[in-house]
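I'd like to go over a predicted model; first the sequence, then the structure.
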Amino acid sequence: MADIAKYAPINGGNLISDFKSHFSILRARKTIAFAYAFVFVFIAFTIFLAFAPSSNPSSPWFTNIFTLPSTTNATSSPSSSSIFSDDSHFPSIYGYFFPNSSSQNSSRAQNAGSPKTAFSQKNLTRNEAPPHKVEVLNPPNNKPSLNQTSSGKNEVLKQNQTQIQDKVEVLKQNQTQIQDKVEGLKQNQTQIQDKVEGLKPNQSTVAATNSPEIANSNATVNVNPPPKSASNGEKGIAEKGELKNLTSSLMKKQSNGTNAATAKKGTDDLMKSLMNCDFFDGNWERDDSYPLYKPNSCSLIDEQFNCFLNGRPDNGYLKLKWKPKGCTLPRLDGSHLLEMLRGKRLVFVGDSLNRNMWESLICILRNSVRDQKKVYEENGRHHFRGEASYSFVFEDYKFTVEFFVAPFLVQEWEVVAKNGTKKETLRLDLIGRAANKYKNADIIVFNTGHWWTHEKTSLGKDYYQEGSHVYHDLNVVEAFRKALTTWGRWVDANVNPKKSLVFFRGYSASHFSGGQWNSGGQCDHETEPIKNETYLTPYPPKMNVLEKVLKGMKTRVTYLNITRMTDYRKDGHPSIYRKQHMSEEERRAPLHFQDCSHWCLPGVPDAWNEILYAELLVKLNRKQQEKQS
């Protein structure tokens, strides 16, 4: 109580003190009211300036603060397109307070729908400094008035707007050109597709050459090219026009898309080299792309030739290709050869070595067809020993590959001895019995030789016969000459050279070591070919006889002189891998029962067929040159 009484006014206070007290309260309220009024007026003035700015504002910077973002990129001023653009670090205050305004949404929509214009605007923003910035960086000596500054900006805006419009027009023109090019590419694509569709129906007949009419590319030479007057069946092979430009096709296939001029030059160079090349003077070279067909992939190979099936462990003999010194043989294209021989007959006549070559060709061709069920032996045979003839049909090509057994080419005969017994002889004056069956074939490949080395023929005792006369003793080489002379006369009299091509395959070398075929000769240890020519055997005298007979014939016969090329290949024989099921005697002494005469398949006879293929190509090419001349 004492404290309260101490500070209380005496007599309860007076009027003046009370008025002062109320006036202080009133003064505080007036101050607050004035502050509110000032804020209200400021806000009202600010809104007025924002929505109705003067045409001549006293402060450009103040006006720009409240300027709305541009709604059109192409017509925006430098200030709005650079400072207040999307890339600016100073967004408009109005936009900050009203982010969802219709003007801003409209601007964004137009930018999204016009990427090229936006791209031009951004380039302009980044590469061209706005006018007022330039003025700041380079202030003039005489500072222009605000009206002049505004007028200059308007001129700059108009110029920028014109430049932007020009750039938009250029972009539109470029877009039109690009669209035209795209349309042109689409038309080219359609044309290419049409050509591809047109080629598809012919695909089955062009498996390797792209066209039966352009398949004549990798030919090889005839060792002794015939004169132009001697056609030897070349017309018969090409007369239907199906084989036109065969070399061009094959060369184009090897060129892998080079232009036509390059392909033609390559074809001409190839043919020129082949026409002057000796196919039979060369060497065996390793080529890992061989053989032409996989081992054990051809069920038509006879057991005695199927070394792989019979357990031969090495495979180096499969990887060798014959390479003439003066040219390169074209790889045998089975599909191409089938097209060349559509509707034809190809016949092999001779001994088991020709059967070796015949089976090789069948396997090469059969592995080149789509449906192998349409390749079959005419009489359904699956083994090719013991019968007089065989014929394989290639149904889709109406083509046959045939083999006629005639080991001497002339007839084997029998005479009755004085004691009434029959005695075998060889009629040197009579052609083989089946000759009339193949004389009209389109291509005939003859051979003989190995059976002339057997004991009976080599001794020549009471064996050779002419007419009713049996020679008591006749030299085998003379007997061979007589037999070939008979054969040559028959060919001249019965084979039409305008229809048929005639080949004679020479002697195939044997490699018995330590004895002959019937006296323990062996070759099972051989896994590499002969590389030193001094170990090759002399040229067989019987082949010299053959060459003389061929030169004396009217019909042009192409000599396939494979003797030397086979002499290198002591590694290519079946040797002990000639059969799976041996007799008891063979099991006891397997090394005494070897085959060093015939050849494993795949193997050496495939190269003979490559040479035959090359010879056919050369003949067709020569025929075309004769027509052009």
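Everything's here; your move.

what number of residues lie near residue 614?
Neighbour count of residue 614, defined by other C-beta atoms under 10 Å: 23. In this view, the C-beta of every residue, glycine as well, is placed from N, C-alpha and C.

how far away is it from residue 47?
Distance of residue 614 to residue 47, computed by C-beta to C-beta, to the nearest Å: 101 Å.

As a check, name the ranges of all strands in this protein.
Along the chain, counting by DSSP state E, strands occupy 282-286, 320-324, 345-350, 375-377, 389-394, 399-405, 410-416, 422-431, 443-446, 464-466, 469-470, 501-505, 557-560.

For residue 535, find the nearest of those.
Distances from residue 535 to each of those were compared by C-beta to C-beta, and the smallest falls on strand 282-286, at 14.0 Å.

Packing partners of the closest one?
If you count contacts as 3 or more C-beta pairs under 8 Å, 6 or more residues apart in numbering; DSSP states H and E, strand 282-286 packs onto strand 320-324.

in its sheet, what does the strand it packs on sit against?
Using DSSP bridges, the neighbouring strands of strand 320-324 in the sheet come out as strand 282-286 (antiparallel).

can you dump the C-alpha coordinates of the partner strand into PDB?
Output in PDB follows, covering the C-alpha atoms of strand 282-286 (Å, rounded to 0.1, in the frame of the first residue of the first chain):
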ATOM      1  CA  GLY A 282      51.100 -76.100-111.600                       C
ATOM      2  CA  ASN A 283      51.300 -77.000-108.000                       C
ATOM      3  CA  TRP A 284      49.000 -78.000-105.100                       C
ATOM      4  CA  GLU A 285      48.500 -75.200-102.600                       C
ATOM      5  CA  ARG A 286      46.800 -75.300 -99.200                       C
END
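
quick revisit: redo the strands of the chain as a markdown table? Include mean neighbour count.
Supplementary listing: the strands of the chain in a markdown table, determined by neighbours: other C-beta atoms under 10 Å:
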| stretch | mean neighbour count |
| --- | --- |
| strand 282-286 | 15 |
| strand 320-324 | 21 |
| strand 345-350 | 24 |
| strand 375-377 | 18 |
| strand 389-394 | 19 |
| strand 399-405 | 22 |
| strand 410-416 | 15 |
| strand 422-431 | 18 |
| strand 443-446 | 23 |
| strand 464-466 | 23 |
| strand 469-470 | 14 |
| strand 501-505 | 23 |
| strand 557-560 | 22 |
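
what about the helices in the stretch 251-400 of the chain?
Taking DSSP state H, counting those that start in this stretch, the helices of the stretch 251-400 of the chain run over residues 260-275, 334-340, 352-366.

List the buried residues of the first one.
Okay, so that is helix 260-275. Within helix 260-275, the residues that qualify as buried are 263, 266-267, 270-271, 273-275, counting by 16 or more other C-beta atoms under 10 Å.

hmm, which two among those residues are most spread apart?
Using C-beta to C-beta, the pair of the buried residues of helix 260-275 lying farthest apart is 263 and 275, separated by 18.4 Å.

Quick one: closest of the helices of the stretch 251-400 of the chain to residue 302.
Ranking those by their distance to residue 302 (criterion: C-beta to C-beta) puts helix 352-366 first, at 6.4 Å.

Can you name every helix or strand that that closest one contacts?
helix 334-340, strand 345-350, strand 375-377, strand 389-394, strand 399-405, strand 443-446, strand 501-505, helix 604-628.

what's the closest of the strands of the chain to residue 593?
Residue 593 lies closest to strand 399-405 among those, at 23.0 Å (C-beta to C-beta).

how about the strands of the chain, which one is nearest residue 534?
Distances from residue 534 to each of these were compared using C-beta to C-beta; the shortest belongs to strand 282-286, at 14.6 Å.

and the angle for the closest one with helix 604-628?
Between strand 282-286 and helix 604-628, the angle comes out at 120 degrees (axes from the mean of the first three to the mean of the last three C-alpha atoms, to 10 degrees).

circling back: need the helices of the stretch 251-400 of the chain in JSON lines (columns: distance to residue 449).
As requested, the helices of the stretch 251-400 of the chain are exported to JSON lines (distance: least, C-beta to C-beta, whole Å):
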{"stretch": "helix 260-275", "distance to residue 449": "27"}
{"stretch": "helix 334-340", "distance to residue 449": "26"}
{"stretch": "helix 352-366", "distance to residue 449": "7"}
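
Distance to residue 579 and mean pLDDT for those - can I get that in a markdown table?
Rendered in a markdown table, the data for those read as follows (distance: least, C-beta to C-beta, whole Å; pLDDT from 0 to 100):
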| stretch | distance to residue 579 | mean pLDDT |
| --- | --- | --- |
| helix 260-275 | 40 | 75 |
| helix 334-340 | 28 | 96 |
| helix 352-366 | 14 | 97 |
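
Now residue 425: closest residue in space, sequence neighbours ignored.
Once its chain neighbours are removed from consideration, residue 425 has its nearest residue in residue 465; the separation is 4.1 Å (C-beta to C-beta, 6 or more residues apart in numbering).

That neighbour reaches residue 427, doesn't it?
Yes - in this structure, residue 465 is within contact of residue 427 by C-beta atoms under 8 Å, at 5.4 Å.

Can you pull the residues that touch both of those two?
Between them, residue 465 and residue 427 share these contacting residues under C-beta atoms under 8 Å, 6 or more residues apart in numbering: residue 413.

check contacts around residue 429.
Taking C-beta under 8 Å, 6+ apart as the test, what residue 429 contacts is 410, 465-467, 482, 486.
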